[in-house]
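# build me a structure from this.
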Amino acid sequence: MFSRRHPYLFSLLVLAALGTVASVCVSIMVTVVVGEQIDYSGEKVGVIEIVGAIVDSQTIVRQIKTFREKKD
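Residues are numbered from 1 along each chain as shown. From the prediction side, this is the model:
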C-alpha cells in the first residue's frame, strides 16, 4: 500500500537499503582480505606510566633505557 501511494519514496527507501547492505558486505570482504596482511613493523612508541610523585627515578630511567635499546 505504501509503495502505491509514494512510489518514489518507496524506491528511494529500497535503494538506500540495498546500498547499506552492499556497503556492509564490501567492508566485511575488505576486512577479511586485508585484515590478515596488516604489517605493524616500523617505529613504535614506548609508554611509561608515572603515578604520583617521583621519589626514586632509577626504575623510570631503567625503563627508558630498555625502550631505547630495543630495535622495535
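# can you give me the helices for the protein?
2-5, 7-35, 58-69 (DSSP state H).
# which one of those lies closest to Ile48?
Smallest distance to Ile48 across the helices of the chain (C-beta to C-beta): 5.0 Å, for helix 58-69. For the C-beta atoms, the positions are set from N, CA and C on the backbone; glycine is no exception.
# any idea of the mean pLDDT in that closest one?
If you average the pLDDT over helix 58-69, you get 86.
# that older thread, export the helices of the chain as JSON lines, with columns for mean neighbour count and distance to Val45.
Below are the helices of the chain laid out as JSON lines (neighbours: other C-beta atoms under 10 Å; distance: least, C-beta to C-beta, whole Å):
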{"stretch": "helix 2-5", "mean neighbour count": "9", "distance to Val45": "55"}
{"stretch": "helix 7-35", "mean neighbour count": "10", "distance to Val45": "23"}
{"stretch": "helix 58-69", "mean neighbour count": "11", "distance to Val45": "9"}
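# out of those helices, which comes closest to Lys44?
Judging these by C-beta to C-beta, what sits closest to Lys44 is helix 58-69, at 9.1 Å.
# which residues sit against the closest one?
Gly46, Ile48, Ile50, Ile54 (C-beta atoms under 8 Å, 6 or more residues apart in numbering).
# in strands, which of those residues appear?
Assigned to strands by DSSP state E, none of the contacts of helix 58-69 qualify.
# where among the helices of the chain is average confidence lowest?
Looking at those, the bottom one is helix 2-5 with a mean of 73.
# please name the nearest non-neighbouring residue to Ile48.
Distances taken as C-beta to C-beta, 6 or more residues apart in numbering place Gln63 nearest to Ile48, at 5.0 Å, with adjacent residues excluded.
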